[in-house]
Each structure stands twice: as C-alpha cells, then as structure tokens.
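S.K.: the sequence isn't on hand, but the structure is:
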Ligand code: PTT
Ligand code: SF4
C-alpha cells in the first residue's frame, strides 16, 4: 500500500498495552482516512448508549493518505469520539506536528480505549509505546503542559494535550496543540480527561512512502509556488480568517448578543484591520506557507492567536468590543482547553438569562473582568460555572422558562459564528452537519449572500449537499486543510493529483463524493443508533429565535426564517439524501453505499423503510 501506512495502533490505557494491527487496502479505499476511519472505528467498536465519559468510550486520532507529505497544508489530524456534549458522533480537526509525527511513526490512526488508573501521558515513538506518569502535569494548563513536555522531547515532537477544562470534564473541552491550534469542539478534550490522559506525544523517524515520489515532490513544489502567486495571498497573510468580521458585519450575519442581531456597534474595533494594528507575528500549522494564525498581545500582555470564530463568539456575541480583552479571553480559553465557539455561546446565554432575571447571578454583557472570572468558574466547575460547563442545551433544559427558544444549539452543539435570520441555506447546513451546528461541513453562507438570501429553493439544498461532500467528506478524510481551496481558489483537481501521486490510485471526484456519502450516512446512522426512538426531524431544526424574533438592525432588518418554507427545504434535502421523513437513511440508501451492517444494527433500534 502506498500513501497510507496501513497500520493502526490500538492502545488500552488500563492494561497499559499497545498493539499495532494492519488494515487492508480495501478498507482504505472505502473510508479514505481521518473522519472516514474515525466513524468506521467508532461504529464497529462502540456499543450504543454508553456514557461518553466512561471508560467504554473510544478516542480516535486519525490522519489521511496525504497527511505528512510535503504538500501545502497537509498537517491536519482528526480527533474523534462519542461526544459527551451531544451524545452523537463528535470530532474536530487540529493542524499540528502531531499529525506529521503520528504518520512518520508509522500509524494512520491511534485508537485509545479504557481509562488509566492515574494521570498519564501516552508516548508513541515509532514502535515503542510508553505510559508516562503525569501526576505532576495534572492541573497545569495546556501551554504549561506542552512547554514541559517539549523541554523533555524537543521541538520536533508532536504534542496534543488538555487543560483544566478537559480534566474537569467540561462538556465542550477541546484538545490543544502548539499554543493556539485547537480541535474537538464536541467535548473531545473531556473524553481525553475522562481517560486520565493528559497528553499524547508522537515522535516518528520513518519516511512516508508515495507511489510516485518524483511526481509527489514536483506536485508539492508546484502547489507551494502556486500559493504565493494567488491574488488573495498577501491579504490572507495579513488577516487570515479575521477579515470575516467586516464581511459578516456588512452582510448582517455577525452573531451579536446571543444571535439577537447580525451587526455589532463596535465591529470595527474587533475586525481584521484593528487586529492588524496589534499583530506581532503569523503562526500556523506545519507544512503550510499561508500561515493564518494571527498572533496578537492581549490586555493581559500574553500572546493569543486570533481567528474569526474566536473573536465573533468572545466579542460581538457577548457584547465585548475591545479586541485586546477579547484576545485575553481567547488566550485563557486556549490555556484551559475550552472550545471558544461553545464558550462564547454559553456565556451569551447566561448574560441573556441574567438580563431576563431567569438566573439570580448578575452577568452583564461585555464586562471583561466578570466574564473572565466566569470562564475560570466554568473550567473549574465552580458555582454557576458548574452548570454552564454542561453546554447550552442542558442549561436551558434545566432552567426552563422557555429559554430553549434562545438556547443557540442544534443537536446539543452550540452554533458557530454565523447568524441565520436571513440565511436559510446556512441554517440547513448547520442543522444537517455531522457533529451538530458547526460550519465546517458546508460553509454555504458566502455563496448564499451572492445568490439571494430569502430563497429556499432547490439550488440551496444542492449547494449544501455539494459542500458537505467536498468539505465534510473529502477534506476531513484526506485529511488536509481546506483553506487553500476555500480562500485562495486552489482547483479541486489538485487533490486528485496529490492522491494519485501518494497512493497510485486514480480516483475521480465522483469516486471521492461516493466515499463522502458513505461516511456521511454512517455518521447519521451512528446518531440514530444512539438516539433510537428519540430520533426525529426535530433534531434538524434550528432554534426558535431565528424563526420568531426578526433582526431589528442592519441591511436585513426585519428578516427571520420562515418555518413552513424551511420544512419544505428540509424535506427536499432528506429526499435527495435518500432519507425518510424522520431524516433516517433508508435501507436502499445504506445498501447502495455498502453499509449493510448499518441496516442490520439500525433495525434493532428503529423501524427502517425501503
Ligand atoms: C474548529 C473551530 C474553529 S473553526 C475555530 S476558529 W476557524 C475555533 N478555534 C479555537 C481556538 O483557536 N481555540 C479554542 N480554545 N477553541 C477553538 N474553537 C474553534 O474551533 C483552524 C483553522 C480554522 S480557524 C478553520 S475555520 C479551518 N478549519 C478546518 C477544518 O475544520 N477542517 C479542515 N480540513 N481544514 C480546516 N482548516 C482551518 O483550520 P474544530 P486549527 Mg480546529 C485558537 O477545531 O473542533 O474542528 O473546530 O484546528 O489547527 O486550530 O486550525 O475561523
Ligand atoms: Fe493551518 Fe491556516 Fe495553513 Fe490551514 S491555512 S494549514 S489552518 S495555517
């Protein structure tokens, strides 16, 4: 096998044992890598309805056939498990030396089972696996942890770790690497914490083997050159994802005051140009020459890496219009290992609940010091923080008083930073995303703004599906960064050429889309297997706020979603996907994708239609 290493490492933490196993080329061709491998492993090995924070959950680190080759932006890795936040499939994507080193150590995935008796660090150095005592590291934040480990294992080591958020089982704790790369929104950091696993270190001395090494080298060199010639390249290096603040403000989609509005009165103060004035350097993932991490100094004088989502959620959505303070909040979120999107969402919910008098605590919009203190309480699960650490769906269920209507999540995952009062396709994208309301599968909003905001027509459904295949299916499984394609306009055919040079397989985009559909449907089957009879189309409906409370400001003033039209759009989506009226894949659809086992298992949980 070329491209893939053909090897998984199975680690049992309680037995302190690690065993490598070969997998077949046909497995690789069927599930590709990254997200595809992760869902197949979780589907096969997890029993339905286990507690995600119990030793029975499985943590998967998975890369794809391009990961680690000298190609632009090829250093990503998927972290996945059953999510403690949503109860469904959960994953995230981290750009890190860990991706490269795991592959050089010889593995395409590392599968972690059970729970260590005491805090440990897992060291994977080629075929040597060690379980290191981590009692001294437990309680440290993610930056301190990585620094200590780097002193021992050097700069080449690939390190993934958790902060206090993961240790204290905050349901939206994520995994941090390289002081500013973070992944695993749906609580994958909490799963790591539940296993007493403070960090994983990968060190590899092997070389990846390509089917056509000369072609691989040429293709990589050409692609790196191409990045530099792209018209948008210079501006991208200046602002990265941060220019989206101005774009979102202009288009009335910047989440503001818990998604009440799509414009923020202090947007300029937290936008890309304001950031440029504070910027001290660019950082990024290995193997990338479009390094998009904007490093600034926050009000605490510490460095913080800013991206659009972080700033929108810890800025406009909580009414904070001071970028230095936003940067300081972002820094502590990284230190604790808390997902910034869910955090900004939960904080805004608490501020609104306080304003409405539903909770007794006084939490005021945009108050930096109080917000910082509340974040600490969440990370350590103190006072109100204990409840907020459970995520917004749970909090709303607990406090009631109709707050579910403005608890901004879908399937339990807090919504990313695009308001959808006037963006039905983006609402559909969130609603049908593989992990809950995340923008990664189908970031359809920039296209939607161009073609017309109010329409619910078929072309919108088609576009969501097209993007879900390319982004959520192929990029997440290859596993490479999608930004050279999204932001600089790399042609998609580049990736089939890379794949050919790496694996020797001539796959077309039609072949890749079919794999994407297989992965997408198996993920949906996983959700249904977990929820059983509780599953229904309500799982794919955005929060009531977007249907009921129109925007009061901006170019889309008066806009809200139309429930009846959304319903028709969702039905159309189900039909095109080959799903029934509950959003469950039919037997025919599953069989067509070679997922016979899913038919067998789902039949035990729900009634399946043809
Ligand atoms: C991703 C989500 C995003 S998406 C952002 S900013 W973005 C937030 N970043 C966080 C952070 O930082 N610290 C923190 N404590 N929590 C954070 N939560 C949020 O997590 C990231 C880039 C970005 S920046 C994006 S869009 C692209 N995402 C990609 C993806 O998902 N897949 C892929 N193949 N390529 C991608 N390229 C881009 O990567 P999740 P990173 Mg991330 C500080 O984690 O769970 O996937 O959610 O990985 O290495 O940091 O790169 O405006
Ligand atoms: Fe990482 Fe940004 Fe480069 Fe993508 S473009 S690989 S997120 S630095």
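M.R.: Perfect, thanks for sending it. Computed from a predicted structure; not experimentally measured. Ligands and ions are numbered 1, 2, ... in the order given.

S.K.: so how far is ligand 1 from residue 476?
M.R.: From residue 476 over to ligand 1 the distance is 6 Å, taken as CB to the nearest ligand atom, to the nearest Å. Every C-beta, even on glycine, is put in place using the N, C-alpha and C of the backbone.

S.K.: distance-wise, check that residue relative to residue 13.
M.R.: Relative to residue 13, residue 476 is positioned 26 Å away (criterion: CB to CB, to the nearest Å).

S.K.: more neighbours, those two?
M.R.: For residue 476 versus residue 13, neighbours defined as other CB atoms under 10 Å are more numerous around residue 476 (31 against 21).

S.K.: mind telling me what element that one is part of?
M.R.: Element membership of residue 476 [criterion: DSSP states H and E] is helix 476-478.

S.K.: which SSE is immediately downstream of the biggest helix by length in the chain?
M.R.: When the chain is parsed with DSSP state H, its longest helix is helix 509-531. As assigned by DSSP H and E, the chain's next helix or strand after helix 509-531 is helix 545-548.

S.K.: where does this structure get nearest to ligand 1, which residue?
M.R.: Using CB to the nearest ligand atom, the point where the chain gets nearest to ligand 1 is residue 92, with a distance of 2.5 Å.

S.K.: just the element for that residue, please.
M.R.: Secondary structure here is read from DSSP H and E; on that basis residue 92 sits in strand 89-95.

S.K.: and for residue 327?
M.R.: Counting by DSSP H and E, the element that carries residue 327 is helix 323-336.

S.K.: ditto for residue 18
M.R.: Secondary structure assignment for residue 18, by DSSP H and E: strand 17-22.

S.K.: can you tell me the strand partners of that strand and which way each runs?
M.R.: Taking DSSP bridges as the criterion, strand 17-22 sits next to strand 7-12 (antiparallel) in its sheet.

S.K.: residues touching the strand it pairs with, excluding its own?
M.R.: Under the criterion CB atoms under 8 Å, 6 or more residues apart in numbering, residues 17-23, 41, 106-114, 122, 124, 129 lie in contact with strand 7-12.

S.K.: please apply the same query to stretch 102-110.
M.R.: Outside of stretch 102-110, the residues within contact range by CB under 8 Å, 6+ apart are 4-9, 11, 20, 23, 33, 37-38, 41, 60-65, 67-68, 77, 124-127, 158, 200, 202-208.

S.K.: how about the residues of the chain near ligand 2?
M.R.: If contacts are counted using CB under 6 Å from any ligand atom, the residues of the chain sitting beside ligand 2 are 73, 95, 284-285, 288, 290-293, 481, 483.

S.K.: one more time with 5 Å, if that's ok
M.R.: By the rule CB under 5 Å from any ligand atom, the part of the chain lying against ligand 2 is 73, 95, 284-285, 288, 290-292, 481, 483.

S.K.: which residues are in contact with residue 121?
M.R.: Going by CB under 8 Å, 6+ apart, residue 121 touches 131-134, 137, 149, 197-201.

S.K.: quick one, which of the residues you listed are buried?
M.R.: Buried members of the contacts of residue 121, counted by 16 or more other CB atoms under 10 Å: 131, 134, 137, 149, 197-201.

S.K.: residue 143: which of the residues you listed is nearest?
M.R.: Among the buried ones among the contacts of residue 121, residue 149 lies closest to residue 143 (CB to CB), at 11.1 Å.

S.K.: any idea how far that closest one lies from ligand 2?
M.R.: When distance is defined by CB to the nearest ligand atom, residue 149 is 21 Å away from ligand 2.

S.K.: give me the buried stretch members for the helix or strand that residue falls within, please.
M.R.: Element membership of residue 149, judged by DSSP H and E, is helix 142-153. For helix 142-153, a neighbour-count test (16+ other CB under 10 Å) marks 142-143, 145-146, 148-149, 153 as buried.

S.K.: how about the residues of the stretch 301-450 of the chain near ligand 1?
M.R.: Contact residues of the stretch 301-450 of the chain with respect to ligand 1, defined by CB under 5 Å from any ligand atom, are listed as 305, 307-309, 333-334, 339-341, 440.

S.K.: after the helix holding residue 327, next one along is what?
M.R.: Downstream of helix 323-336, the next assigned helix or strand under DSSP H and E is helix 340-355.

S.K.: which of the residues in that following helix are buried?
M.R.: If you call a residue buried by 16+ other CB under 10 Å, then helix 340-355 has these buried ones: 340-354.

S.K.: how far does that helix sit from its chain's centre?
M.R.: The gap between the average C-alpha position of helix 340-355 and the chain average comes to 19 Å, counting by CA atoms, centre = their mean, to the nearest Å.

S.K.: counting contacts, what elements does that helix pack onto?
M.R.: Where contact means 3 or more CB pairs under 8 Å, 6 or more residues apart in numbering; DSSP states H and E, helix 340-355 is packed against helix 308-314, helix 323-336, helix 368-380, helix 384-388, helix 392-399, strand 413-414.

S.K.: for that helix, give the mean pLDDT please.
M.R.: Across helix 340-355, the average pLDDT comes to 98.

S.K.: relative orientation of it and helix 368-380 in degrees?
M.R.: Counting by axes from the mean of the first three to the mean of the last three CA atoms, to 10 degrees, helix 340-355 lies at 120 degrees to helix 368-380.

S.K.: tell me the angle of helix 340-355 relative to helix 323-336?
M.R.: Between the axes of helix 340-355 and helix 323-336, defined by the same axes, to 10 degrees, the angle is 110 degrees.

S.K.: quick one: contacts of stretch 132-142?
M.R.: Counting contacts by CB under 8 Å, 6+ apart, the residues outside stretch 132-142 that touch it are 118-123, 145, 148-149, 161-164, 167, 176, 179, 196, 198-199, 334-337.
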